[in-house]
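# need a structure here:
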Amino acid sequence: MPVSSPATSADFLSRLALGTVQFGLDYGINNTAGRPYDAAVHAVLRTAQTAGITLLDTAAAYGDSEVRLGHWLSEHSPAAAPFQVVTKLAAGSAAQVQHQLQESLARLRQPAVYGVMFHSFNAFREQAVGWEALQEARHAGLVQRIGLSLYHPQEAAWLLETGLDADLVQVPFNVLDQRFGPLLPELARRGVEVHVRSAFLQGLLLRDPSALPPFFAPLAPKLTRLRRLAQDANVSLPALLLQFAAFAPGVARLVVGVDSAANLQENVAAGAFSRLAEQLRPELLALAETTDEFILPYAWPPRS
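Okay, the predicted model is just below:
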């Protein structure tokens, strides 16, 4: 039986996508600097392009992220390999969805994008007629893939049960939040491109276990174990977390947000640790958290 070769840095970079929520919003529990200046945004995008990252993830709801990307893409992308873009819209009537998509394309200054997803599964279920607008946009060549951003495994299970012709989903996945793990390979087998987000769980997994806010104190033993695994393997903690998410079975892309070029360079460097990270996967799988209030950021107290 053939044995697959170990993942390489190139394999890792081919899976890495640049999340841009930080470009438009003050985002993340460890964020103390706020939105980056234009110069910092441009430096991040140049660094991503140089590194070989090919996909940008954004949304109409991410403040002025689409506008800032559009300015840069229109001025810089034609001179080099273009980025593919995935954006997200609010579900609504077909006319509303069509209008939103045209507005997003205008802000992005792009004739078409790689992917469009509805931002809320519940809103999509309430106004499922809007799905036809995404289907029409795909047929017209305005978008290659259409789908949904998901938050709960039962939503992915619904997609599999109903056979909705989605070919793109984005879900949270990290060392603590492994709820979608059993469903991802089946989604991929059915032709759904799986993007995962929240490898750092909005920065929580990088926090010092001894200095956690009281709400998160019960997680201290797992976060301590996580740090010890990384230290013993001589792998940086961010690299270990990125590798765990990027190479989970069924995953095509890992969306990672940054607020500086230096931060992005650190993430790119994680590709060097693929072999070691895979060796640790069984122990990392054992750190899965089953208490939803710790792994669902909307359940957290403000600025925990």
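# correct me, but Ser104 touches Val67?
No - between Ser104 and Val67 there is no contact under CB atoms under 8 Å: 10.2 Å. Quick note: C-beta positions are derived from backbone N, CA and C, even for glycine.
# more neighbours: those two, which one.
Ser104 (21 against 16; other CB atoms under 10 Å).
# ok, now which ones touch the more buried one?
Contact analysis of Ser104 by CB atoms under 8 Å, 6 or more residues apart in numbering lists 60, 66, 87, 89, 113, 116.
# where's it, which helix or strand?
helix 94-108 (DSSP states H and E).
# likewise for Lys88?
strand 84-89.
# the helix holding Ser104 to strand 84-89, inter-axis angle?
140 degrees (axes from the mean of the first three to the mean of the last three CA atoms, to 10 degrees).
# show residues contacting the next helix or strand after helix 94-108.
Heading C-terminal from helix 94-108, the first helix or strand you meet, by DSSP H and E, is strand 113-118. Residues outside strand 113-118 that contact it (CB under 8 Å, 6+ apart) are 55, 84-91, 101, 104-105, 124, 130-131, 134, 137, 142-149, 168-170, 193.
# so where do the helices sit in the stretch 51-200 of the chain?
65-76, 94-108, 121-126, 131-139, 153-162, 184-189 (DSSP state H, counting those that start in this stretch).
# would you map the strands across this structure?
16-19, 55-57, 84-89, 113-118, 143-149, 168-172, 193-197, 253-257 (DSSP state E).
# the second one packs against which elements?
Using 3 or more CB pairs under 8 Å, 6 or more residues apart in numbering; DSSP states H and E as the contact definition, the elements that strand 55-57 packs against are strand 16-19, strand 84-89.
# okay, who's weakest in the contacts of Ser104 by pLDDT?
Among the contacts of Ser104, Ala60 carries the weakest pLDDT, at 93.
# show the contacting residues for the nearest residue to Ala269 once chain neighbours are set aside.
Closest residue to Ala269 apart from its sequence neighbours, by CB to CB, 6 or more residues apart in numbering: Ala239 at 7.0 Å. The contact partners of Ala239, by CB under 8 Å, 6+ apart, come to 230, 269-270, 272-273, 277.
# can you flag the buried ones in those?
Buried by 16 or more other CB atoms under 10 Å: 230, 269-270, 273, 277, out of these.
# narrow those residues to those in helices?
Among the buried ones among the contacts of Ala239, the members falling in helices (DSSP state H) are 230, 269, 277.
# and the gap between the last one and Pro221?
Shown here: Ala277 relative to Pro221, a distance of 21 Å by CB to CB, to the nearest Å.
# for Ala137, same thing?
Taking CB to CB, one finds Ala137 at 48 Å from Pro221.
# same question for Phe200.
19 Å.
# neighbour count for these two, which is higher?
Each of Phe200 and Pro221 has its neighbours counted (other CB under 10 Å); Phe200 has more, 23 against 11.
# pretty sure the more buried one contacts Val175?
No - in this structure Phe200 lies outside contact range of Val175 using CB under 8 Å: 9.5 Å.
# shaky segments in this structure?
The model of the chain has pLDDT under 70 over residues 1-7, 26-34, 77-81, 304.
# centre of the chain to stretch 45-60, how far?
In terms of CA atoms, centre = their mean, to the nearest Å, the gap separating the centre of stretch 45-60 from the centre of its chain is 12 Å.
# end to end, how far does it reach?
End-to-end distance of stretch 45-60 (CA to CA, to the nearest Å): 19 Å.
# next one: stretch 179-193
Start-to-end, stretch 179-193 (CA to CA) is 18 Å.
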